[in-house]
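Visitor: Structure, please.
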Amino acid sequence: MSIAFLKGHGTQNDFVIVPDPDNAIELGPDAVAVLCDRRAGLGGDGLLHVVRSAAHPEAKHMAGEAEWFMDYRNGDGSVAEMCGNGVRVFAHYLQRAGHVEAGDLAVATRGGIKRVHIAKDGDITVSMGKAAFPEEQATVTVGEHSWPARNVNMGNPHAVAFVDDLDQAGHLFTAPLTAPAGVYPDGVNVEFVVDRGERHVAMRVHERGVGETRSCGTGACAVAVATARRDGLDPAVTGAPVTYTIDLPGGRLVITERVDGEIEMTGPAVIVAEGEISSEWFENLGA
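Guide: Numbers count the residues shown, from 1 in each chain. All right, here's what the predicted structure looks like:
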């Protein structure tokens, strides 16, 4: 028996997609890591395990609000709370598979229920929740350069550093140093940001458990709200939403923070391939 898979990306943040409505496929960390390996497997920044909420022990309590659970894994096999680009690709897959139509839907994640709108033109908007600003602050260091970082939590932790040049972030093969160590006990996504114009910035990101990626949805949201606060903009205070355009190596996202604090991310999602994994190869991974 073979196992179906698809490959997709959102602004070049790419994913292996494994449809498994009944949660019948056991995906251990080693198997996920090999499937995401760009030489030994299919290649991807992460894996989207598509499961009905009622069939997954971590999502049963959300089944009344969201039929589908995005069981997301990082490229190294570790479990993650959320992935903004992943939600867009997940929703696009559900539409392609005939499970949902264009319009509004809810997706269950470990970071809570995410509201999604699939537009007729193909762009997908995800309500990413509200940003939290933990009091603990950190410093990010790459080589001889250090910067103060804004601590933002989007269901997962982010350290946002404003730099003069994105090249100062270095190669980002390994995680930038953050101090003090206790601020991010479970690791952190680190974003480096430069200005491009009015309410327009560019960024690079090191995602924990992955390395540098072409795009990071929650990171773009963290960058937008951190930049807004740097610019003295807070919709809860001004009574007006604020929108930033975020350029990433893999494309462009538009982030809006509403007056109620809800953050919306709009961007594309693409399915590029589909096929089957042989059960023999999969079983040899020790899944």
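Visitor: ok, for residue 170, nearest residue in space, not its chain neighbours?
Guide: residue 142 (4.6 Å; CB to CB, 6 or more residues apart in numbering). Placement of C-beta: from N, CA and C, glycine included.
Visitor: so what's the one you found bridging to?
Guide: Beta bridges link residue 142 to residue 145, judged by DSSP bridges.
Visitor: Could you check the pLDDT of it?
Guide: On pLDDT, residue 142 comes in at 96.
Visitor: Report the contact partners of it.
Guide: By CB atoms under 8 Å, 6 or more residues apart in numbering, the contact list for residue 142 reads 168-170, 176-177.
Visitor: got a winner among the residues you listed for most neighbours?
Guide: residue 169 (25 neighbours; other CB atoms under 10 Å).
Visitor: if I look at the residue nearest the centre of the chain, how far off is residue 162?
Guide: Nearest to the geometric centre of the chain sits residue 83, at 2.4 Å (CA atoms, centre = their mean). As defined by CB to CB, to the nearest Å, residue 83 lies at a distance of 24 Å from residue 162.
Visitor: okay, residue 213: pLDDT?
Guide: 89.
Visitor: since we're on it, how many residues are nearby?
Guide: Residues near residue 213, counting by other CB under 10 Å: 25.
Visitor: OK, contacts around it?
Guide: 13, 45, 205, 207, 250.
Visitor: The same query, at a cut-off of 7 Å, please.
Guide: Residues counted as contacts of residue 213 (CB atoms under 7 Å, 6 or more residues apart in numbering) are 13, 45, 205, 207.
Visitor: In terms of helices and strands, where is the third one?
Guide: Under the criterion of DSSP states H and E, residue 205 resides in strand 200-207.
Visitor: Can you mark which positions in that strand are buried?
Guide: 201-207 (16 or more other CB atoms under 10 Å).
Visitor: same deal with stretch 269-280?
Guide: Buried, per 16+ other CB under 10 Å, within stretch 269-280: 269, 271, 277.
Visitor: One more: stretch 253-264?
Guide: Buried-residue list, stretch 253-264, by 16+ other CB under 10 Å: 253-258, 262-264.
Visitor: Restricted to strands, list those.
Guide: 253-257, 262-264 (DSSP state E).
Visitor: Could I get the full set of helices for the stretch 1-150 of the chain?
Guide: 29-36, 84-96 (DSSP state H, counting those that start in this stretch).
Visitor: can those go into JSON lines with extra columns for mean neighbour count, mean pLDDT and distance to residue 228?
Guide: Formatted as JSON lines, the helices of the stretch 1-150 of the chain follow (neighbours: other CB atoms under 10 Å; pLDDT from 0 to 100; distance: least, CB to CB, whole Å):
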{"stretch": "helix 29-36", "mean neighbour count": "21", "mean pLDDT": "94", "distance to residue 228": "33"}
{"stretch": "helix 84-96", "mean neighbour count": "26", "mean pLDDT": "96", "distance to residue 228": "17"}
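Visitor: returning to what we had before: among the ones in strands among the buried residues of stretch 253-264, which two are most distant?
Guide: 253 and 262 (16.0 Å; CB to CB).
Visitor: Rebuild the helices of the stretch 1-150 of the chain as TSV, extending it with distance to residue 154.
Guide: Formatted as TSV, the helices of the stretch 1-150 of the chain follow (distance: least, CB to CB, whole Å):
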stretch	distance to residue 154
helix 29-36	22
helix 84-96	8
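Visitor: Which of the ones you listed sits closest to residue 193?
Guide: helix 84-96 (16.4 Å).
Visitor: Give me the residues contacting the closest one.
Guide: For helix 84-96, the external contacting residues (CB under 7 Å, 6+ apart) are 6, 8-11, 13, 15, 17, 46, 48, 50, 68, 70, 72, 100-102, 105, 107, 109, 114, 116, 118, 124, 126, 128, 215-218, 221, 265, 267, 269, 271.
Visitor: try 6 Å this time
Guide: 8, 10, 13, 15, 17, 48, 70, 72, 100, 107, 114, 116, 118, 124, 126, 128, 215, 217-218, 265, 269, 271 (CB atoms under 6 Å, 6 or more residues apart in numbering).
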